[in-house]
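> Predicted model follows, preceded by the sequence.
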Amino acid sequence: MQRSLIVVMLCLVSTLVSSRGVYQQPAAFIDEVFSNNPPAASRIWLTKSIKQHASEILGHKPSSLRIRYWGENKQTAWVLEEIGKEKPITVGIVVRDNQIQRIKVLIFRESRGWEVRHDFFTNQFKGSSLTATQTLSKPIDGISGATLSVRALTKLSRLALYLHQQTPFSHDSP
Amino acid sequence: MTRHKHKKKPLVKLRSLYLWHRYMGLSAALLVMILALTGIFLNHTEKFKLDSQFIENPWLLDWYDIEPPQRIISYVAKNNTVSLVEDQLYLNKQFISGHYDSLAGAIYFQDMIVVAIDKQLLLFTTEGELIERLIDINGQSLTLGAIGKIGDDLVIIQTDHTLLTDVDFNHWQSPSTQQLANAQWSSPSGLSIEAQQQLTHRYRANILTLERIMLDLHSGRIMGNTGVLIMDAAAVILLLLSLSGIWIWLQQRFKRAAHRPKKG
């Protein structure tokens, strides 16, 4: 009984220890998205209007004046960061045809809410687009105990969709 | 006479209980108010933004033993001073969010301040707005050892090896011997005593949050172990108050029932 309790405790500790960290380097994510042949990085300047919309989506002012992305055909890939509770979560997002094609937690630094990195959660975002009110077209089920991380990922998805619309890659091939 | 004594005894007891109840209430009032108020604030930490409001009061900072920084490293980039104070980064007097370990240098480049810190390059406007945070060099996460520029068009950095890039910061390549010879590396700069004092004040004022104060007031830890015992005592008194209150109420209820004229 005591031994099995120790095993359970060890499993729990190892899960917690492994929950924080780098799951994939941002550059490796971009390489993977573009089959190891990524296009040159582009940048979008947050003009007054874009900044205002981005602020509405994030609930605060964006932390930088320009954001780097990679675009090809009708697809863009973004590496964005948003604070869950205290520390930034780095997320890779791929948008194609104005819909989320893929979202992946790349670096997780918080002590709680790491469950958002699992596929069962991130798969919910696939196919989501931005509505006229700048919300996601599909409902996202939360995870108890990871509310702030869920909120952060939802905000970043909306931001990536909005920013994608501002790039030349949201229309026909540039 | 004996009967008279028998009648008075419960009244004296009740009065005594009243007095105890009153004194307990008075002695715990202030602590209960602190408990209640801090509890309300802590229940709404996010709304009141307690975790993002910092205490600047020197007396409180001293009370919490928040020491002045041991390490201040500064670089000057065209009239702009970039300083790492322990783990806090400042551009002039402006605090840059995040925690940092090692400042490698700062340069003025194409109307931007480029700061090399840990494994990232931070690009700022001269007004202090963050333009971009570059977290990879040629797709790799590299620790930066130094930064400089070659003329006005190229940025050079030192990692495991030396690399240079242009204003796009997209492609990095090794410099030629000629370019390396022309590199102007950023080097640490001394600060005036006044500037050091200002940074020290800002550093200390960026550590203690209002949330910490509320938590410590609530638990009594702001006064150390004695404070915790005082708050424990307040909690016990609160418990006794509830019990004595119920007891007084029951006594009065029984007394009224006893004095009520019987029907029929």
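Alright, I've got the coordinates. Every value quoted in this text rests on a predicted model; they were computed, and no experiment measured them.
> For the helix or strand hosting B:Leu217, name the packing helices and strands.
Taking DSSP states H and E as the definition, B:Leu217 sits inside helix B:210-219. Judged by 3 or more C-beta pairs under 8 Å, 6 or more residues apart in numbering or on different chains; DSSP states H and E, helix B:210-219 is in contact with helix B:2-43, helix B:45-48, helix B:224-259. Heads up, the C-betas are built off the backbone N, CA and C, glycines and all.
> now that helix: how far from the chain's centre is it?
Relative to its parent chain, helix B:210-219 has a centroid offset of 11 Å by C-alpha atoms, centre = their mean, to the nearest Å.
> how far away is the closest residue to A:Thr135 other than its chain neighbours from B:Phe124?
Nearest residue to A:Thr135 in three dimensions, chain neighbours excluded: A:Arg158, at 6.9 Å (C-beta to C-beta, 6 or more residues apart in numbering or on different chains). Computed as C-beta to C-beta, to the nearest Å, the A:Arg158 to B:Phe124 distance reads 27 Å.
> How many residues are close by the closest residue to chain B within chain A?
Residue nearest to chain B within chain A: A:Ala27 (3.3 Å; C-beta to the nearest C-beta). Neighbours of A:Ala27 under the rule other C-beta atoms under 10 Å in any protein chain shown: 18.
> Spell out, range by range, the helices that occur in chain A.
Using DSSP state H, the helices of chain A run over A:2-19, A:26-33, A:48-58, A:119-122, A:147-165.
> from what I can see A:Tyr69 touches A:Ala41, true?
Yes: assessed by C-beta atoms under 8 Å, A:Tyr69 is found in contact with A:Ala41 at 7.0 Å.
> Of the two, which one has the most company?
A:Tyr69 (22 against 18).
> what pairs with the spatially most central residue of chain B across the strands?
Residue closest to the average C-alpha location in chain B (C-alpha atoms, centre = their mean): B:Thr209, at 2.8 Å. Assessed by DSSP bridges, B:Thr209 has beta-bridge partners B:Phe54.
> that older thread, for the helix holding B:Leu217, which outside residues touch it?
The contact list for helix B:210-219, computed with C-beta atoms under 8 Å, 6 or more residues apart in numbering or on different chains, reads B:34-35, B:38-39, B:41-42, B:45, B:48, B:50-51, B:53-55, B:60, B:221-222, B:227-228, B:231.
> Try it again at 10 Å.
Outside helix B:210-219, the residues within contact range by C-beta atoms under 10 Å, 6 or more residues apart in numbering or on different chains are B:34-42, B:45-46, B:48-55, B:57, B:60, B:63-64, B:208-209, B:221-224, B:227-228, B:231-232.
> Just the buried ones from the residues you listed?
For the contacts of helix B:210-219, a burial check counting by 16 or more other C-beta atoms under 10 Å in any protein chain shown picks out B:34-35, B:38, B:41, B:45, B:48, B:50, B:54-55, B:208-209, B:222, B:231.
> Same list, those, but as JSON lines with pLDDT please.
Supplementary listing: those in JSON lines, determined by pLDDT from 0 to 100:
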{"residue": "B:Ile34", "pLDDT": "90"}
{"residue": "B:Leu35", "pLDDT": "89"}
{"residue": "B:Thr38", "pLDDT": "93"}
{"residue": "B:Phe41", "pLDDT": "92"}
{"residue": "B:Thr45", "pLDDT": "86"}
{"residue": "B:Phe48", "pLDDT": "89"}
{"residue": "B:Leu50", "pLDDT": "90"}
{"residue": "B:Phe54", "pLDDT": "92"}
{"residue": "B:Ile55", "pLDDT": "92"}
{"residue": "B:Leu208", "pLDDT": "93"}
{"residue": "B:Thr209", "pLDDT": "92"}
{"residue": "B:Ile222", "pLDDT": "91"}
{"residue": "B:Met231", "pLDDT": "90"}
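> Run through chain A and note the low-pLDDT ranges.
Where chain A drops to pLDDT under 70, the residues are A:1-20, A:172-174.
> who in the stretch 51-200 of chain B is up against chain A?
Within the stretch 51-200 of chain B, the positions adjacent to chain A are B:51, B:97-99, B:122-125, B:129-141, B:168-171 by C-beta under 10 Å from any C-beta of the partner chain.
> Write a PyMOL command that selects only the buried members of these.
PyMOL command restricting these to the buried ones, with burial defined by 16+ other C-beta under 10 Å:
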select buried, chain B and resi 98+122+123+124+130+131+132+133+134+135+136+137+169
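> Now do the helix holding B:Leu217, average pLDDT.
The pLDDT scores in helix B:210-219 average 93.
> what comes up buried for that helix?
Using 16+ other C-beta under 10 Å as the test for burial, helix B:210-219 gives B:Leu210, B:Glu211, B:Arg212, B:Ile213, B:Met214, B:Leu215, B:Asp216, B:Leu217, B:His218.
> out of those residues, who's nearest chain A?
Once C-beta to the nearest C-beta is applied, the member of these that ends up nearest chain A is B:Glu211, at 11.3 Å.
> Please list all residues in contact with residue 61.
You didn't say which chain, so I picked chain A. Going by C-beta under 10 Å, 6+ apart, the list of residues near A:Lys61 reads A:Leu46, A:Lys51, A:Gln52, A:Ala54, A:Ser55, B:Glu129.
> you looked at the wrong chain, it should be chain B
B:Phe54, B:Ile55, B:Glu67, B:Pro68, B:His201, B:Arg204, B:Ala205, B:Ile207, B:Leu208.
> Measure how far stretch B:24-35 is from the centre of its chain, please.
Taking C-alpha atoms, centre = their mean, one finds stretch B:24-35 lying 28 Å from the centre of the chain it belongs to.
> and the closest residue to B:Glu129 other than its chain neighbours, how many residues sit next to it?
Once flanking residues are discounted, B:Glu129 sits nearest to A:Leu65: 5.7 Å by C-beta to C-beta, 6+ apart. A:Leu65 has 17 neighbours, counted by other C-beta under 10 Å.
> Please identify which two of the buried residues of helix B:210-219 are farthest apart in space.
Farthest apart among the buried residues of helix B:210-219 by C-beta to C-beta are B:Leu210 and B:His218. That separation is 12.3 Å.
> I figured B:Ala28 hits B:Asp232, correct?
No: the pair B:Ala28 / B:Asp232 is not scored as a contact, 11.7 Å apart, by C-beta atoms under 10 Å.
> Redo the buried ones among the contacts of helix B:210-219 as TSV? Include distance to A:Ser128.
TSV is the format used below for the buried ones among the contacts of helix B:210-219 (distance: C-beta to C-beta, whole Å):
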residue	distance to A:Ser128
B:Ile34	48
B:Leu35	46
B:Thr38	42
B:Phe41	37
B:Thr45	31
B:Phe48	33
B:Leu50	34
B:Phe54	38
B:Ile55	42
B:Leu208	41
B:Thr209	36
B:Ile222	47
B:Met231	49
